[in-house]
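Trainee: Please work out how this folds:
(one chain, ligands or ions: 1)
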Amino acid sequence: METPSTADIVIIGGGVMGASAAYHLAARGMKNIVLLEREEFFGQGATGRCAGGVRYQFATGINIKLSLASLPMIERFKDEIGQDVNYRKCGYLFVLTDPKDVTQFEHNVKLQNKLGVPTQWLNGDEVRKRLPLMKLDDALAGTFNPNDGLVDPNSVVMGYINAAQRLGVKIINHAEVSGIRVSGDKVTGVETVRGPIETRSILNAAGPWSAQIGRMAGVDIPIQPIRRQLFTTTPLPEVPPDFPFVIDFAQSLYVHREGDGLLIGMSNEDQSPGFDQSVDEEFELTNLEAALQRMPLLQKAARAAHWAGLYEVTPDAHPIFGKTPVDGFLIVSGFSGHGFMHGPIAGKLMAEYILAGTFQTVNVSALDLARFAEGRLIQEYNVV
Ligand SMILES: Cc1cc2nc3c(=O)[nH]c(=O)nc-3n(C[C@H](O)[C@H](O)[C@H](O)COP(=O)(O)OP(=O)(O)OC[C@H]3O[C@@H](n4cnc5c(N)ncnc54)[C@H](O)[C@@H]3O)c2cc1C
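Mentor: Sure thing, here's the model as predicted:
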């Protein structure tokens, strides 16, 4: 597609955030929307590399409310957007082995239940009973919500991209943004490798690369790219179809079904920020050893695939929505490792903010960029 010379809004980034925002803006009637993605395909950034987990189980009210708005949108996705996204409600089961975590999760479950999320509390024996394939002698307790599960990330991105295109959004690949024009304190356009576009409104939806885009506009955005990696196994017929998304919280080790095998990941606490997306083979061994301890059955499987991607991490592990000090330069980013599941509602909220001036469906005004400078950080515990 030809790069247009002007746009009413330019969205930077064709991951779940940019795609969802483009669709929701167009669905509310906005015209002359341009979405720019530097890669050949959409969802090649964090979104396409993510584990596909969707959950209601969070430790802060705002994240629970985002899930309460977003996950039903994923359930209705086929009817509304016309794309099957394969929502499998296998539940998330957090396994707790540290007394400190037990106390924190007791609080989390109370908060979730209060907000209408039917998370169940499990004692150690109940955890072991539900996960007979795992060695969990040290499990003190667990939490399980049957409505958490797995969804196909690429289907969500492509569903939104195709629906946005049908509504007239100009969506352009191979269109890296190389600069942002600012005059006084207002944006006036973007520079791309395919030529400039004049615009008074830009939405930074560049995920782990959002700080780079911010710098182009002279805006400091505290989002760091942190590598996270995972691997999948060859088929393991012993794993039942309803095997949940298990998180061994103290080790930040997770396991869920992927095809006929498993997908396994673990957070490297020593990972320094950077854009390297190659697999750290040494840490993969650490991950494998931890997984084998928990699930000796893995000895029967081989590695099928492995990859790494980047979390887009803010200082309080909560996202950033809305305005920046530069007029017209907006942001939706920094979901710190759980943005895929919140992508649907995040795009809708940005459409509300851009077209009506307020966040209507969920009040995310506390998640503004200014909170970092003003010391209004939010604390989240459930991010692995
Ligand atoms: C290994 C891993 C596992 C994860 N697991 C989960 C999970 O189970 N559940 C969950 O909800 N979340 C998960 N996440 C987090 C989730 O993937 C992200 O929060 C979410 O995908 C962020 O979406 P985004 O659109 O902001 O970013 P991205 O998907 O990264 O999209 C940003 C886009 O911007 C483009 N871009 C960057 N710079 C430019 C430029 N200069 N010009 C034009 N385009 C540009 C990039 O190419 C990219 O396509 C995981 C992440 C990783 C890495």
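Trainee: mind checking how far the most centrally placed residue in the chain is from the ligand?
Mentor: Central residue of the chain (CA atoms, centre = their mean): Gly339, 1.8 Å from the mean position. Distance, Gly339 to the ligand, using CB to the nearest ligand atom, to the nearest Å: 2 Å. Yep, even glycine has a C-beta here, placed from its N, CA and C like the rest.
Trainee: Determine the number of other residues adjacent to the closest residue to the ligand within the stretch 101-250 of the chain.
Mentor: In the stretch 101-250 of the chain, the residue that lies nearest the ligand is Gly207 (2.2 Å; CB to the nearest ligand atom). By other CB atoms under 10 Å, 28 other residues sit near Gly207.
Trainee: ok, now which ones touch it?
Mentor: Gly13, Gly15, Met17, Gly45, Ala46, Thr47, Leu310, Glu312, Ser333, Gly339 (CB atoms under 8 Å, 6 or more residues apart in numbering).
Trainee: Check these and tell me the two furthest apart.
Mentor: Within those, two members stand farthest from each other by CB to CB: Met17 and Leu310, at 13.8 Å.
Trainee: Between these two, tell me which one has more neighbours.
Mentor: It is Met17, of Met17 and Leu310, that has more neighbours when counted by other CB under 10 Å, with 37 against 22.
Trainee: quick one: that one from the ligand, how far?
Mentor: Distance, Met17 to the ligand, using CB to the nearest ligand atom: 3 Å.
Trainee: Name the residues that touch the helix or strand harbouring that residue?
Mentor: Secondary structure from DSSP states H and E places Met17 in helix 16-27. Residues from elsewhere that reach helix 16-27, judged by CB under 8 Å, 6+ apart: 9, 11-12, 33, 35, 37, 42-43, 47, 81, 153, 156-157, 160-161, 163-164, 167-169, 171, 203, 205-207, 332-333, 335, 339-340, 343-344, 346-348, 350-351, 354-355.
Trainee: Show me where this protein dips below the pLDDT cut-off.
Mentor: 380-384 (pLDDT under 70).
Trainee: which residues in it form helices?
Mentor: Along the chain, counting by DSSP state H, helices occupy 16-27, 46-49, 61-75, 77-81, 99-114, 124-130, 153-166, 210-216, 281-294, 339-356, 370-374.
Trainee: So which of those helices is the most surrounded?
Mentor: Neighbour counts (mean count of other CB atoms under 10 Å) averaged over each of the helices of the chain peak at helix 16-27, with a mean of 29.
Trainee: Put the alpha carbons of that helix into CSV.
Mentor: Extracted in CSV, the C-alpha atoms of helix 16-27 (Å, rounded to 0.1, in the frame of the first residue of the first chain):
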residue,chain,number,x,y,z
VAL,A,16,-2.1,-6.8,19.7
MET,A,17,-2.2,-3.2,21.1
GLY,A,18,-1.9,-1.4,17.8
ALA,A,19,-4.3,-3.8,16.0
SER,A,20,-6.9,-3.6,18.7
ALA,A,21,-6.7,0.2,18.9
ALA,A,22,-7.0,0.5,15.1
TYR,A,23,-10.1,-1.7,15.0
HIS,A,24,-11.8,0.0,17.9
LEU,A,25,-11.1,3.5,16.6
ALA,A,26,-12.5,2.5,13.2
ALA,A,27,-15.5,0.7,14.7
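Trainee: Perfect, that will be all.
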